[in-house]
Structures are given as C-alpha cells and as structure tokens.
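J.: Predicted coordinates and the sequence they were generated for:
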Amino acid sequence: MSDWTIGIIGGSGLYAIDALEDPQWIAVQSPWGDPSDEILCGTIGHVRVRFLPRHGRGHRIAPSTLDSRANIDALKRAGCTDILAVSAVGSLSEELAPGRFVTVDQFIDNTKGRPSSFFGDGFVAHVSMADPVCDRLSRHAAKAVAAAGGECTEGATYLAMEGPQFSTRAESRLYRHWGAEVIGMTGMPEARLAREAELPYALLAMVTDYDCWRDETEAVDVGQVLDRMQDNARLARETIEAFCKALPRKRTPSPIDHALDNAVVTAPEARDKALMTRLDAVAGRVIRQQ
Ligand SMILES: CSC[C@H]1O[C@H](OP(=O)(O)O)[C@H](O)[C@@H]1O
Ligand SMILES: Nc1ncnc2[nH]cnc12
C-alpha cells in the first residue's frame with residue numbers, strides 16, 4: 001500500500017463506488033455532528049480510499065443542512081491525506097456544455113449562514129484561501145477524466161449558492177457578470193473546511209445543465225441534472241479508478257499539509273479546552289506542537 005489515503009466525496013448521483021477492493025461501510029463519529037453517512041472504506045490499487053456520499057445514500061440530506069464540518073472531520077479521522085470531491089454543477093459559460101467535466105480552481109461563496117469554520121472564540125485561526133484547491137490533485141483529476149475517455153476543462157470559478165431552489169434568471173446572469181463559470185450548492189463551505197483541516201482538496205465538477213441564463217435552453221430542473229448524472233455515472237466511476245491507479249506510490253508532502261502553521265492567533269493560555277478537544281483531529285498536529 002502507498003501512503004495516500006484518498007477521501008472521495010460523492011455528489012448528486014454518486015452514492016457508492018464499485019471499483020473498491022474489500023469494501024466496508026464504517027461509521028465514523030465526529031464531535032462536530034453527524035456525517036452524511038457511513039464511510040465506504042477499501043482500496044483501489046495501491047491507494048486506500050474512503051468514500052462518503054455527500055447527501056447520504058438515497059440522497060436524504062439537503063445542501064443547506066448537510067454537515068460539512070462533520071464530513072470533513074470524519075474523513076480526517078478516517079485517515080485521509082487528500083480529498084477529491086465530485087459535484088454536479090450548472091454551467092454559466094457557453095463553452096462548458098453539459099457532459100463536460102471541469103476542475104474548479106476558484107470559488108465565490110454566496111451561501112448564507114452555514115457553519116463555515118472549525119475555529120472560533122477560544123481558538124482563533126485564519127488560514128489562507130487565496131488558492132483554495134490543491135493544484136496537484138486537480139491536474140491529476142483532469143488527466144484521469146481524459147484516461148477514462150471524458151473531456152475536462154482545467155480551472156473554473158464555482159459560485160456556491162444556498163439553494164435548494166435553483167437561481168432566478170437575474171441571479172444566473174449576475175453570477176456570470178461576477179466571473180463565475182459553474183454553479184452548485186455544496187462546494188462551499190466544504191473547500192474552506194478541508195483547508196482548515198490541512199487536507200489538500202480538489203473539486204471535479206460534472207456539468208449537467210446551463211442553469212437558466214441562456215435564452216435558447218430550458219431552465220434547469222432536477223430531472224435534467226439527474227438524467228445527465230446517470231449518463232455520466234460510469235465515466236465518473238472510471239475517472240475515480242483511473243485517478244487512484246495513476247497516483248505515484250510515494251506521496252510527496254503538500255504545503256497544504258501545514259496550512260495551520262502561522263494561522264492560529266490565540267495564545268496557548270487563552271485557549272478554550274473544550275474547543276481544543278473537538279479540534280483534536282482537525283488541528284491536533286498544531287495543538288500537540290505548542
Ligand atoms: C440534484 S440537483 C442540485 C444538487 O446537485 C448538486 O449536488 P452536489 O454538489 O452534491 O453534486 C448541487 O450542489 C445541489 O446540491
Ligand atoms: N444549475 C444548477 N444550480 C445549482 N446547483 C446545480 N447542480 C447542478 N446544476 C445546478
């Protein structure tokens with residue numbers, strides 16, 4: 001086995017993966033809440049894989065109520081070194097037609113009131129989100145899409161909306177003016193939390209629709225998203241398999257493994273013990289150092 005443990009977060013339409021050897025659903029407790037489901041643990045080639053369906057099996061959990069803190073914390077507790085998240089997205093760009101895969105490299109967070117940090121009073125920390133994804137994983141994901149026979153555009157700005165309703169036409173056009181290229185409901189705060197947990201994170205998005213800005217296309221509905229996802233599910237699964245199999249055996253360190261170095265501002269004597277206990281997985285590395 002290599003030293004990669006890849007957490008895969010499966011989005012709409014991706015609730016399990018069949019390429020896993022020795023698959024086992026395992027419940028992982030988190031002090032932050034209930035993860036969306038048990039974690040499907042197994043291996044693909046030389047890589048340990050921990051798969052978590054973002055909305056739970058059967059798509060039980062809505063984007064606004066799914067507990068991203070519990071999900072990221074549980075994946076960290078399950079030993080993940082890196083996370084590849086998969087999402088269905090609407091396209092805000094003519095060139096990104098339904099069926100295409102996209103690696104996200106920037107986010108605009110327009111979600112409202114979701115818990116978006118592990119830190120707070122008693123343990124204040126500020127990580128950089130300037131470059132919110134791991135380039136190495138994103139490049140690797142794009143190559144895996146090509147190896148599986150799909151087409152992937154590298155680098156797009158993802159607008160995270162609250163939902164669960166889809167956007168109005170005015171919103172959809174506004175987001176295009178803001179420079180957003182794809183839209184979804186779950187990429188934030190997930191990406192922020194992965195960074196706080198020092199987990200390199202990449203978001204592989206599958207374009208399912210043109211949202212509602214394009215006059216010549218029907219406005220998005222959930223049927224369009226799920227139909228497109230069903231068409232793409234095989235490609236998504238083969239991409240995940242190709243992604244794991246092509247990882248080099250040796251995982252060289254990423255700067256994101258140390259995202260909390262120089263991020264914590266609360267003096268050791270002013271820290272909240274109860275919060276530090278909850279942070280044992282996410283920030284244990286820096287807590288133990290100080
Ligand atoms: C099922 S349509 C809207 C739903 O699909 C996307 O989910 P995910 O990002 O988990 O693939 C979108 O964000 C919404 O949650
Ligand atoms: N148009 C859209 N808006 C928000 N989330 C989506 N997920 C898939 N398509 C979407």
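T.: Nice, thanks for sending it over. Only a predicted model underlies this, so the values are computations on that prediction, with no experimental measurement involved. Numbers count the residues shown, from 1 in each chain. Ligands and ions are numbered 1, 2, ... in the order given.

J.: Relative to ligand 2, which residue of this structure is the closest?
T.: Gly90 (2.3 Å; Cβ to the nearest ligand atom). The way it works is simple: take the backbone N, C-alpha and C, and place the C-beta from them, glycine included.

J.: Now do Val222 against ligand 1, distance only.
T.: Applying Cβ to the nearest ligand atom, to the nearest Å, one obtains 5 Å for the distance of Val222 from ligand 1.

J.: Next: Ala259.
T.: 23 Å.

J.: Return the residues in contact with that residue.
T.: With Cβ atoms under 8 Å, 6 or more residues apart in numbering as the criterion, the residues that contact Ala259 are Val127, Ser128, Arg195, Glu196, Glu198.

J.: now with 7 Å?
T.: Val127, Arg195, Glu198 (Cβ atoms under 7 Å, 6 or more residues apart in numbering).

J.: now, which of those residues sits nearest ligand 1?
T.: Arg195 (17.9 Å).

J.: Pull the residues that contact the helix or strand that contains the closest one.
T.: Applying DSSP states H and E as the criterion places Arg195 in helix 187-196. Contacts made with helix 187-196 from outside it, assessed by Cβ under 7 Å, 6+ apart, are listed as 68-69, 72, 83, 85, 87, 104, 107, 109, 111, 114, 116-119, 127, 129, 132-133, 158, 160, 201, 203, 256, 259, 282.

J.: Show residues contacting the next helix or strand after it.
T.: Under the assignment DSSP H and E, the closest C-terminal helix or strand after helix 187-196 is strand 201-209. Residues external to strand 201-209 that are found in contact with it (Cβ under 7 Å, 6+ apart): 83-91, 96-104, 133-134, 137-138, 141, 158, 182, 184, 187, 191, 194-195, 220, 224-225, 228-229, 232, 236.

J.: With stretch 86-93 instead?
T.: For stretch 86-93, contacts defined as Cβ under 7 Å, 6+ apart pick out 8-14, 97-98, 158, 172, 175-176, 180-184, 186-187, 203-211, 213, 220, 225, 229, 236.

J.: Can you tell me which of those residues end up in helices?
T.: For the contacts of stretch 86-93, the ones inside helices are Ser172, Tyr175, Arg176, Gly187, Val225, Met229, Ala236, with DSSP state H as the criterion.

J.: any chance of those residues in a markdown table, plus neighbour count, pLDDT and distance to Ala78?
T.: Listed next are the ones in helices among the contacts of stretch 86-93 as a markdown table, based on neighbours: other Cβ atoms under 10 Å; pLDDT from 0 to 100; distance: Cβ to Cβ, whole Å:
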| residue | neighbour count | pLDDT | distance to Ala78 |
| --- | --- | --- | --- |
| Ser172 | 23 | 98 | 37 |
| Tyr175 | 23 | 98 | 34 |
| Arg176 | 18 | 98 | 38 |
| Gly187 | 30 | 98 | 21 |
| Val225 | 20 | 92 | 28 |
| Met229 | 17 | 88 | 25 |
| Ala236 | 23 | 93 | 21 |
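
J.: In JSON lines: the residues you listed, plus distance to ligand 1.
T.: As requested, the ones in helices among the contacts of stretch 86-93 are exported to JSON lines (distance: Cβ to the nearest ligand atom, whole Å):
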{"residue": "Ser172", "distance to ligand 1": "14"}
{"residue": "Tyr175", "distance to ligand 1": "14"}
{"residue": "Arg176", "distance to ligand 1": "18"}
{"residue": "Gly187", "distance to ligand 1": "7"}
{"residue": "Val225", "distance to ligand 1": "4"}
{"residue": "Met229", "distance to ligand 1": "8"}
{"residue": "Ala236", "distance to ligand 1": "10"}
